[in-house]
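>>> Predicted model and sequence below, questions to follow.
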Amino acid sequence: MSDSDTTVTTANADPRGSSAPAAVLAPLDDRLADLEALYEDLHRHPELAFQETRTAAEAARRLTGHGYDVTTGIAGTGVVGVLRNGPGPVVLLRADMDALPVTENSGLDYASMVPGRMHACGHDVHVTCLLGAADLLAAGRDHWSGTLIALFQPAEEAGGGARAMLDAGLYDKHLVPTPDVVLAQHVAPFGAGLIAYCPGPCMAAADSLEITFHGTGGHGSRPETTTDPILMAASFVQRVQSVVAREVAATDRAVVTVGSFQAGDSANVIPDRAVVRLSVRTFDETVRTAVLAAIDRIARAEAAASGADRAPDTEVLGSFPVTVNDATTLRAVNEQFTELFGPQRLFAYEPATGSEDAGLLATAAGAPLYYWWLGGWDPAEFQAALAAGRLADLPSNHSPHFVPVVRPTLTTGVEALTAAALNRLGPVGREGVGASGE
């Protein structure tokens, strides 16, 4: 790009063209060493849901240094930075911060230093990329107009972080302006440098349930004197698999997985209760309601069939809504991505049965959402696995081996967030600068 291309500040300069992203992204190469050091530091020090104090402090420190108005302690550890830069749209960029209770097995020299905890889902990538984009957008504010929000959310893995920030008054108490659009990304186990997108429903609703079956305990040698909750719960586990197979249409999507079964402590004692935990994934609210009702019906029926004196108790452990991408926003941002990265680095992807709570931030604001996937795996390894039909062999999110490559993952992630924000922000003002009075 020529000097004139990278310093456009005329009244007609529009960040939806190529000049503004090129100018704003120009300093990225000089920032990469610092961003890589930040990423490795975050990876060494993972923090679980609602415990992200160290990560939040670093995010707040950097945002303050970049000139953002910063609020900390939202829902405990949530952080927001607001950069007002003249009239125009309000754009919210979101990153989640929490790690997982996973023991890392990567062998990297910057592996987790905290026993039993790991950034196994790549949230350290998300934080680093958002801080990188926040820096570039602040430094390049002569090329856009509007208000930028950088939001660092706790507890995505637990499913409560976005809701907790909203309940703490994120919009109602005007901790941030109500956004006109919400943008977010998630690192995934495909080739670094690639970006995947899915129109419409892109991630599933998720409901985590704990069902407690009540029986009458007794001696293992005299089962006839008991009401066995283990048999009751085991029958439920078998029967509940029929919900997807026989009650959900083939054209719909649903997953029901029993992930935990706990009962008893001794071989010769029949306990008085059994506890089953299960996860339900759906993409349609009608299907979701029907599946949850069927699970409750089967649990009650199995208890009744066993002669239990008490119906099972069901507790909702967590809940995520369906993540839905707005078609207009997706199309507009993808045009920017195509211009920046080239069409060969952007591809459509099937809806994922994983779940996410970023959509709550958009729904609560009545704003559109665009949520895309960022490739994080070694490109050569990914291409070799793809050619061999062995993509399933690559470590996925939540694996103790899932550690994205630093480059080009961070580079692409910063570029994507920056370009997407510029696409949704307004053009510079008539004086040639974004911030009035500057």
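Noted; the coordinates are in hand. Numbers count the residues shown, from 1 in each chain.

>>> which residue ranges form the strands in the stretch 51-200 of the chain?
Along the stretch 51-200 of the chain, counting by DSSP state E, counting those that start in this stretch, strands occupy 69-74, 78-85, 90-96, 146-153, 181-191, 195-197, 200-203.

>>> And these: which comes nearest L425?
Of all the strands of the stretch 51-200 of the chain, strand 146-153 sits nearest to L425, with 4.3 Å by CB to CB. Backbone N, C-alpha and C define where each C-beta goes, glycine included.

>>> show me where the protein has helices.
Remark: helices assigned in the chain by DSSP state H are 3-6, 19-25, 28-44, 53-65, 123-139, 161-167, 229-240, 242-247, 285-305, 327-341, 358-365, 379-387, 409-424.

>>> Low-confidence regions, this protein specifically.
Confidence mapping of the chain against pLDDT under 70 gives the ranges 1-19, 429-438.

>>> same thing but at 50, please
For the chain, the stretches with pLDDT under 50 are 1-18, 430-438.

>>> In it, which residue is most central in space?
E356 (4.6 Å; CA atoms, centre = their mean).

>>> Export the strands of the stretch 51-200 of the chain to JSON lines and append columns for mean neighbour count and distance to G389.
As requested, the strands of the stretch 51-200 of the chain are arranged in JSON lines below (neighbours: other CB atoms under 10 Å; distance: least, CB to CB, whole Å):
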{"stretch": "strand 69-74", "mean neighbour count": "17", "distance to G389": "46"}
{"stretch": "strand 78-85", "mean neighbour count": "24", "distance to G389": "42"}
{"stretch": "strand 90-96", "mean neighbour count": "26", "distance to G389": "32"}
{"stretch": "strand 146-153", "mean neighbour count": "27", "distance to G389": "37"}
{"stretch": "strand 181-191", "mean neighbour count": "25", "distance to G389": "15"}
{"stretch": "strand 195-197", "mean neighbour count": "21", "distance to G389": "19"}
{"stretch": "strand 200-203", "mean neighbour count": "21", "distance to G389": "25"}
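
>>> residues contacting the residue lying closest to L410 once chain neighbours are set aside?
Of all residues not flanking L410 in the chain, L35 sits nearest, at 5.6 Å (CB to CB, 6 or more residues apart in numbering). Neighbouring residues of L35 by CB atoms under 8 Å, 6 or more residues apart in numbering: T128, L131, G132, L410, V414.

>>> Equivalent analysis for V79, please.
With CB under 8 Å, 6+ apart, V79 has these contacts: A56, A59, A60, L63, V70, T71, T72, L151, F152.

>>> so how many other residues sit close to A37?
Look at A37: counted by other CB atoms under 10 Å, it has 12 neighbours.

>>> Let's have the strands of the stretch 51-200 of the chain in JSON lines, adding distance to L166.
Compiled in JSON lines, the strands of the stretch 51-200 of the chain are given as follows (distance: least, CB to CB, whole Å):
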{"stretch": "strand 69-74", "distance to L166": "10"}
{"stretch": "strand 78-85", "distance to L166": "10"}
{"stretch": "strand 90-96", "distance to L166": "12"}
{"stretch": "strand 146-153", "distance to L166": "10"}
{"stretch": "strand 181-191", "distance to L166": "12"}
{"stretch": "strand 195-197", "distance to L166": "26"}
{"stretch": "strand 200-203", "distance to L166": "19"}
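
>>> Please identify which of those strands is closest to R31.
Of all the strands of the stretch 51-200 of the chain, it is strand 146-153 that lies closest to R31, at 15.3 Å by CB to CB.
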